[in-house]
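*Asks:* here is my input, please return the structure:
(2 chains)
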Amino acid sequence: MFKVYSSVRKELLLLLNDRVGLSLMFLMPLLLVFIITIIQDGVYKVVNENQISLLVLNEDKGKQGSKLVSVLRESGLFKIDTLGGSGKKGSQESLKSELLAKGKMIALYIPQKFTSGLEINAGQVSRILMDDLGLEHDSVQAKTAEIPALSFYHDPVLQQNYTYSIMGIIQSYLSVIENSLMIDNMYTTMDMENQSGRLKERMINNRVKINPVVASNNNSMAVPNSTQHNVPAWTIFAMFFMVVSLGSNIVKERVNGSFLRLKTMPTSFMLVMFSKMSVYVMVAVLQVTLTFSMGLWILPRLGLPELSLPSNVLAFASVVFISSMAAVSYALMIGSFARTQEQANGFGAISIIIFGAIGGILVPTFVMPAFMQVASNFSPLHWCLEGFYILFLKGGSWQELGKVFLFLGIFISICQLCTYFKLKLEKII
Amino acid sequence: MKTLPGIEILHVSQKYKSSRDNTLTDISLTINRSDVFGLLGPNGAGKTTLISILCGIIPPSSGEIGFYLDGRILSESERKRVIGFVPQEYAFYEELSPRQNLDYFGAMYNLPKGQLEIRREELLETLGLLKSADKKVSTFSGGMKRRVNLAIGIIHQPGILFLDEPTVGVDVQSKNAIIRYLQEINRQGTTIVYTSHHMSEAEEFCNRIALIDHGRVISEGYLVDLKTENNVLDLQSLFIKLTGEEYRD
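*Replies:* I've put the predicted structure just below:
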């Protein structure tokens, strides 16, 4: 027991003497969680909040522009903030600056000839219909006009699919107005202007419904907010960054002959590895404790969302443990393959940044292109994060976590086997 | 009284996969108990490889090695308890203090806590490290680091001690302190197997030597006898006579 104690103590002393490693493992995640959560909070709010903030500049001279704004407002999907139309040139330009200054992510510009354009278009459609049906109509030369175009401004940080979704919603409400105008126009042409209500009612309200169902175990409606993404994400990132401390620690022991010296002693090399793993798993647990404490108590004080902890404590502990084992095993492997500390630090750090990028740490995988979402499956950081997502957002069960444990288990086994064979090849084991 | 053999090396050869030729070829030596046995030879002769094989760091490609104590061959686990190894490199933790290093390596030699503490303090004092016992080794001079390296190898009072260039790169004071201490523990019964490039130091320190060149033993025996047989006055002349004067890589 004294031997185990001495071995663990030595690892602890080495760790405490590694100030760069300590700051990378403890200070870096706290700073990253703090900074990135603040930065990303606006974007997550746009995705998560029930109402989408929309800045509108309506310069339409007729009724339909106001009607569109009113329909969008009544839909309950948008929180509309209007800008007074100056009618001056450059008012569209000012919309851009207002968009950013007011903290909105999207804006809509309704041009001056919006109503007249829509009405002319509706008239043309109804005349075509009357002609085709062989019905009489006013033969006065029909007016022609271009279909009016709305301008949709969006912040460049918004993902393309998100902006398309919003444009789709606006387009759908615009169709309601256009259809309504066309129906009115046709009934007026047929001298039945007061009888269009029933058709409009039927066409507008009796549409195929889509029922939203959240695919989670407990039907939780939770979606990630900036805290729920960033706290586990950067904790995992920092866990894997222990490669800088543990990896270079192993290289040093390999290169200076300490490992070979141990081979001449009546001790098992497994004790050395066990001590290293124990100490660095403890480091990972401490990292989780620190960053999660920040998410629970400090971020809410800054007006950011509070971290909600999962109810299944055992599953939470298991995800933390397997994530830390994956990080430790990766660091051991890098440490056993690198020839110098510089190699271990450089390759280790860069590989973690790449794994982090494809694994959804820097940007969540759900906003990535499809092929990158497939690539993310090859990042251990993705599976660690997936474990936390399942716990926090999907009311995760053991069954759902099984896939996470399986992948990380395979990853850990591969890293440990590679480490074993490399050290065996070097005659250290 | 019959002298009991300490180590018996029989037809040991070593060939690394990466090299074309054997690093060691058919080495057979007997190292008696309480010998100070010098393994001497030019650069690349195979001295460090032989010491690594004797310490169990690498297995020989062929041949056998037996460690004996009181006429009985030792098992591998017994051998590990009996031997001490002081490598040429500073094989310890420079971020830790000498005290912390000795605590760790002493525990790895299975020393009980109380015994380890007594032995640790004794060594720190004997090797002149007591004043700096709690400072990081990384701040030490080369000589102090050599003494720490030695202290770790002898913390468990080994019966057989392997020393690979124990005084390389140190000042005269540190070298004298190390050699004096090694002579003292040899008088107490520790067998010492030692490599060095310092011929005058080896001449003063060793009673028996083996000269190795190109992986083969070219001469072996008591130093006095070898000098007489080869009609030379000192070890350096013997070394040059047997290994030649050309440069070695």
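
*Asks:* list the beta-bridge partners for A:F152.
*Replies:* A:L108 (DSSP bridges).

*Asks:* torsion angles phi and psi at the residue in the stretch 301-429 of chain A that chain B sits nearest to?
*Replies:* Using Cβ to the nearest Cβ, the closest approach of the stretch 301-429 of chain A to chain B is made by A:K427 at 5.3 Å. In short, each C-beta sits where N, CA and C put it, glycine included. Torsion angles at A:K427 (phi, psi; degrees, to the nearest 10) stand at phi 60, psi 20.

*Asks:* and B:G221, that one's in a helix?
*Replies:* No - judged by DSSP: H, G, I helix; E, B strand; the rest coil, B:G221 forms no part of a helix; its state is strand.

*Asks:* for it, what are its contacts?
*Replies:* Residues in contact with B:G221 (Cβ atoms under 8 Å, 6 or more residues apart in numbering or on different chains) are B:R208, B:I209, B:E229.

*Asks:* ok, now with 10 Å
*Replies:* B:G221 sits next to B:R208, B:I209, B:A210, B:L211, B:E229 when contact means Cβ atoms under 10 Å, 6 or more residues apart in numbering or on different chains.

*Asks:* for the residue of the stretch 301-429 of chain A closest to chain B, give me its contacts.
*Replies:* Contacts of A:K427 by Cβ under 10 Å, 6+ apart are A:F259, A:L260, A:K263, B:S52, B:I57, B:I58, B:P59.

*Asks:* can we see that at 6 Å?
*Replies:* B:I58 (Cβ atoms under 6 Å, 6 or more residues apart in numbering or on different chains).

*Asks:* and it, how far is that from B:G153?
*Replies:* A:K427 sits 19 Å away from B:G153, going by Cβ to Cβ, to the nearest Å.

*Asks:* again, but for A:A326
*Replies:* Distance from A:A326 to B:G153, by Cβ to Cβ: 38 Å.

*Asks:* are any of the contacts of B:G221 buried, and if so which?
*Replies:* B:R208, B:I209, B:A210, B:L211 (16 or more other Cβ atoms under 10 Å in any protein chain shown).

*Asks:* now distance to A:T163 and secondary structure too, for the residues you listed, in JSON lines please.
*Replies:* Putting the buried ones among the contacts of B:G221 into JSON lines (distance: Cβ to Cβ, whole Å; DSSP: H, G, I helix; E, B strand; the rest coil) gives the following:
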{"residue": "B:R208", "distance to A:T163": "87", "secondary structure": "strand"}
{"residue": "B:I209", "distance to A:T163": "84", "secondary structure": "strand"}
{"residue": "B:A210", "distance to A:T163": "82", "secondary structure": "strand"}
{"residue": "B:L211", "distance to A:T163": "83", "secondary structure": "strand"}
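
*Asks:* of the residues you listed, closest to chain A?
*Replies:* For the buried ones among the contacts of B:G221, the nearest to chain A is B:A210 (20.8 Å; Cβ to the nearest Cβ).

*Asks:* what about stretch A:365-382, distance to the chain center?
*Replies:* 12 Å (Cα atoms, centre = their mean, to the nearest Å).

*Asks:* same thing with stretch B:19-27?
*Replies:* 21 Å.

*Asks:* tell me the centre residue of chain B?
*Replies:* B:L163 (1.9 Å; Cα atoms, centre = their mean).

*Asks:* so where do the strands sit in chain B?
*Replies:* Taking DSSP state E as the criterion, chain B carries its strands at B:5-14, B:24-32, B:36-40, B:62-69, B:72-73, B:83-86, B:160-164, B:191-195, B:208-213, B:216-222.

*Asks:* so which of those is nearest A:T37?
*Replies:* When those are compared by Cβ to Cβ, strand B:83-86 sits nearest A:T37, at 52.7 Å.

*Asks:* neighbouring contacts of that closest one?
*Replies:* A:T264, B:C55, B:N149, B:L150, B:G153, B:I154, B:P158, B:I160, B:L161, B:F162, B:L163, B:P166.

*Asks:* strands paired with it, and their directions?
*Replies:* Assessed with DSSP bridges, strand B:83-86 is paired to strand B:160-164 (parallel).

*Asks:* and the strand it pairs with with strand B:5-14, angle?
*Replies:* 40 degrees (axes from the mean of the first three to the mean of the last three Cα atoms, to 10 degrees).

*Asks:* would you mind checking the average pLDDT for strand B:160-164?
*Replies:* Over the span of strand B:160-164, the pLDDT mean works out to 94.

*Asks:* just checking, what packs against the longest helix anywhere in chain B?
*Replies:* Across chain B, the longest stretch assigned as helix under DSSP state H is helix B:172-187. Packing partners of helix B:172-187 (3 or more Cβ pairs under 6 Å, 6 or more residues apart in numbering or on different chains; DSSP states H and E): none among the helices and strands.

*Asks:* and it, which residues are buried?
*Replies:* B:S174, B:K175, B:A177, B:I178, B:I179, B:Y181, B:L182, B:I185, B:N186.

*Asks:* equivalent analysis for stretch A:284-291, please.
*Replies:* Neighbour-count burial for stretch A:284-291 [16+ other Cβ under 10 Å]: A:A284, A:Q287, A:V288, A:L290, A:T291.

*Asks:* and the residue of the stretch 1-150 of chain A found nearest chain B, what does it touch?
*Replies:* In the stretch 1-150 of chain A, the residue that lies nearest chain B is A:S6 (3.3 Å; Cβ to the nearest Cβ). If you count contacts by Cβ under 6 Å, 6+ apart, A:S6 has them with B:Y104, B:A107.

*Asks:* how about 10 Å then?
*Replies:* Counted by Cβ under 10 Å, 6+ apart, A:S6 has contacts A:L271, A:S275, B:Q100, B:D103, B:Y104, B:F105, B:G106, B:A107, B:M108, B:L111, B:K113, B:L116.

*Asks:* measure the fifth one to B:R120 for me?
*Replies:* Distance, B:Y104 to B:R120, using Cβ to Cβ: 11 Å.

*Asks:* same check on the second one?
*Replies:* From A:S275 across to B:R120, the span is 20 Å (Cβ to Cβ).

*Asks:* could you pick out the residues of the stretch 251-400 of chain A near chain B for me?
*Replies:* A:252-253, A:255-268, A:271-272 (Cβ under 10 Å from any Cβ of the partner chain).

*Asks:* just the ones in helices from the residues you listed, please.
*Replies:* Short answer: these in helices (DSSP H) are A:K252, A:E253, A:V255, A:S258, A:F259, A:L260, A:R261, A:L262, A:K263, A:L271, A:V272.

*Asks:* pull out the buried members of those residues.
*Replies:* Counted by 16+ other Cβ under 10 Å, those give A:K252, A:E253, A:S258, A:F259, A:L260, A:R261, A:L262, A:K263, A:L271, A:V272 as buried.

*Asks:* need those residues in JSON lines (columns: pLDDT).
*Replies:* As requested, these are exported to JSON lines (pLDDT from 0 to 100):
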{"residue": "A:K252", "pLDDT": "93"}
{"residue": "A:E253", "pLDDT": "93"}
{"residue": "A:S258", "pLDDT": "92"}
{"residue": "A:F259", "pLDDT": "92"}
{"residue": "A:L260", "pLDDT": "91"}
{"residue": "A:R261", "pLDDT": "93"}
{"residue": "A:L262", "pLDDT": "93"}
{"residue": "A:K263", "pLDDT": "93"}
{"residue": "A:L271", "pLDDT": "94"}
{"residue": "A:V272", "pLDDT": "93"}
